[in-house]
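1. Pasting a predicted model and its sequence here:
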Amino acid sequence: MLSYRHGYHAGNFADVLKHSVFVSVARYLQQKKSPVLFVDTHAGGGIYDLAHDYAKKTQEFEKGIGRLWPFGDDMPDMLKPWAEIVEGVQKGGNLSRYPGSPFFIRRSLRVQDRAVLFELHSTEVKTLKQGFRGNDKIVAFHDDGLKGLRRMVPPRGPYEAMRPLTLVDPSYEIKTDYEDVPGAMLAAWKRAPQASFIIWYPVIDRERTEKMIRRYQRSGIKKLLRIEQGIAEDGAVRGMTAAGLLIINPPYVLADEARAALPWLHEKLGAGGKYLVKELVGE
Ligand SMILES: C[S@@+](CC[C@H](N)C(=O)[O-])C[C@H]1O[C@@H](n2cnc3c(N)ncnc32)[C@H](O)[C@@H]1O
């Protein structure tokens with residue numbers, strides 16, 4: 001039984017980092033004309049109302065997107081394409097909604113691109129499917145995203161000639177995710193070693209997170225970048241003190257862009273903790 005609902009967390013500091021990096025990588029891949037296949041293994045509901053009871057209860061968005069809104073002119077390059085999409089979904093200039101990964105994908109699709117989304121929660125997937133009804137470039141499945149990864153990477157059938165960009169964004173609510181996600185991911189990377197993958201991770205128990213990251217680092221992956229944003233020192237508060245991304249086959253510009261963006265982001269978020277941009281494995 002899944003209890004996690006992303007509506008409680010939409011627009012928090014972790015979403016800001018995850019989505020800005022994701023859109024930035026997408027834009028880089030889209031510099032080439034050949035089609036991109038977006039694969040979102042843990043899609044969520046698609047877009048979130050910040051006046052909903054879930055968002056009001058945790059107020060997490062206020063310490064994330066809320067600290068950056070309204071957007072100024074000093075925004076680092078890495079965040080600009082993300083900010084344009086966030087701005088585009090607001091009504092009347094007020095911060096009222098925050099897009100989820102499927103919505104960032106939708107706004108990123110060119111004529112030649114396609115997207116395949118997976119979501120296991122029955123209510124979330126219903127919202128997701130409703131939101132994308134009639135869009136023939138996006139297909140959403142009520143299914144396990146890790147199984148979906150096996151089906152979609154490398155792309156087959158009608159998607160065969162496409163370059164996959166996969167976002168793997170589990171909540172790690174189920175502790176076996178710390179084993180199962182790297183297992184499924186590393187198998188996907190072995191099948192498609194040139195493909196682009198972005199894997200999100202939380203820092204709740206630092207040792208558990210580092211153990212998982214070491215597994216990726218020692219797997220034989222040739223290019224692996226780590227970007228992490230902290231909001232508190234490890235163990236200083238209950239729950240998540242930092243969140244990060246592992247990017248397999250990152251664009252060569254991403255590390256430098258992230259090095260410029262993270263100090264800015266850290267200052268805007270006004271949080272404690274540390275940030276990190278590190279090439280864990282370089283070619
Ligand atoms: C962190 S949220 C996703 C947020 C979304 N990617 C975004 O950025 O807006 C994780 C989602 O994964 C779903 N989920 C959990 N286990 C799953 C699985 N094995 N396959 C697909 N979805 C799963 C949860 O129901 C939840 O909606």
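-> Yep, it's here. Numbering: from 1, shown residues only.
2. contacts and neighbour counts: CA atoms only from here.
-> OK.
3. Flag every residue of the stretch 151-283 of the chain that's near the ligand.
-> 169-171 (Cα under 6 Å from any ligand atom).
4. quick one: low-confidence parts of this protein?
-> Scanning the chain for pLDDT under 70 picks out the ranges 1, 283.
5. quick one on the thing from earlier: make a PyMOL selection of whichever of the residues of the stretch 151-283 of the chain next to the ligand turn out to be buried.
-> The following PyMOL line selects those of these that are buried, judged by 16 or more other Cα atoms under 10 Å:
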select buried, resi 169+170
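6. could the residues of the stretch 151-283 of the chain next to the ligand be laid out in JSON lines, adding secondary structure?
-> Output for these, formatted as JSON lines (DSSP: H, G, I helix; E, B strand; the rest coil):
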{"residue": "169", "secondary structure": "coil"}
{"residue": "170", "secondary structure": "coil"}
{"residue": "171", "secondary structure": "coil"}
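7. Thought residue 42 was touching residue 149, still the case?
-> No. Counting by Cα atoms under 8 Å, residue 149 sits too far from residue 42 to count as a contact (10.4 Å).
8. Going by residue numbers, what spans are strands in this structure?
-> Secondary structure of the chain (DSSP state E): strands at 36-40, 47-49, 97-99, 114-119, 138-142, 163-168, 196-203, 224-230, 242-248, 275-281.
9. So what touches the third one?
-> Spelled out, that is strand 97-99. For strand 97-99, contacts defined as Cα atoms under 8 Å, 6 or more residues apart in numbering pick out 10-11, 46-51, 86, 89-90.
10. Please list only the buried members of those residues.
-> Neighbour-count burial (16+ other Cα under 10 Å) applied to the contacts of strand 97-99 gives 10-11, 46-50, 86, 89.
11. Return the closest of those residues with respect to the ligand.
-> When these are compared for distance to the ligand (Cα to the nearest ligand atom), residue 46 wins out at 6.1 Å.
12. Figure out the length between the terminal residues of stretch 161-178.
-> Terminal residues of stretch 161-178 are spaced 32 Å apart (Cα to Cα, to the nearest Å).
13. That one: which residues count as buried?
-> Quick answer for stretch 161-178 (16+ other Cα under 10 Å): 162-170, 172, 178.
14. which outside residues touch it?
-> For stretch 161-178, using Cα under 8 Å, 6+ apart, the contacting residues are 4, 22, 26, 34-43, 153-155, 195-202, 208-209, 212.
15. could you flag which of these are buried?
-> Listed as buried from the contacts of stretch 161-178 are 22, 26, 35-43, 153-155, 195-202, 212; burial here means 16+ other Cα under 10 Å.
16. so where do the helices sit in the stretch 101-250 of the chain?
-> Ranges of helices in the stretch 101-250 of the chain, per DSSP state H, counting those that start in this stretch, are 101-108, 122-131, 145-152, 177-191, 206-217.
17. Generate JSON lines for those helices, with distance to residue 114 as supplementary columns.
-> Below are these laid out as JSON lines (distance: least, Cα to Cα, whole Å):
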{"stretch": "helix 101-108", "distance to residue 114": "9"}
{"stretch": "helix 122-131", "distance to residue 114": "15"}
{"stretch": "helix 145-152", "distance to residue 114": "12"}
{"stretch": "helix 177-191", "distance to residue 114": "19"}
{"stretch": "helix 206-217", "distance to residue 114": "28"}
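18. okay, those, which one's buried deepest?
-> With neighbours taken as mean count of other Cα atoms under 10 Å, the helices of the stretch 101-250 of the chain reach their highest mean count in helix 101-108, at a mean of 21.
19. can you tell if that one touches the ligand?
-> Yes. With Cα under 6 Å from any ligand atom as the criterion, the ligand is reached by helix 101-108 at residue 101.
20. which residues are in contact with that helix?
-> 19, 23, 26-27, 38, 40, 43-44, 46-47, 82, 85, 115, 117, 138.
21. Would you mind listing what in the stretch 1-150 of the chain touches the ligand?
-> Residues of the stretch 1-150 of the chain lying near the ligand (Cα under 6 Å from any ligand atom): 4-6, 41-44, 100-101, 118-121, 143-146.
22. ok now do the closest residue in space to residue 38 that isn't next to it in sequence, which residues does it touch?
-> Closest residue in space to residue 38, ignoring its immediate chain neighbours: residue 115 at 4.5 Å, by Cα to Cα, 6 or more residues apart in numbering. Shown in contact with residue 115 (Cα under 8 Å, 6+ apart): 37-40, 105, 137-139.
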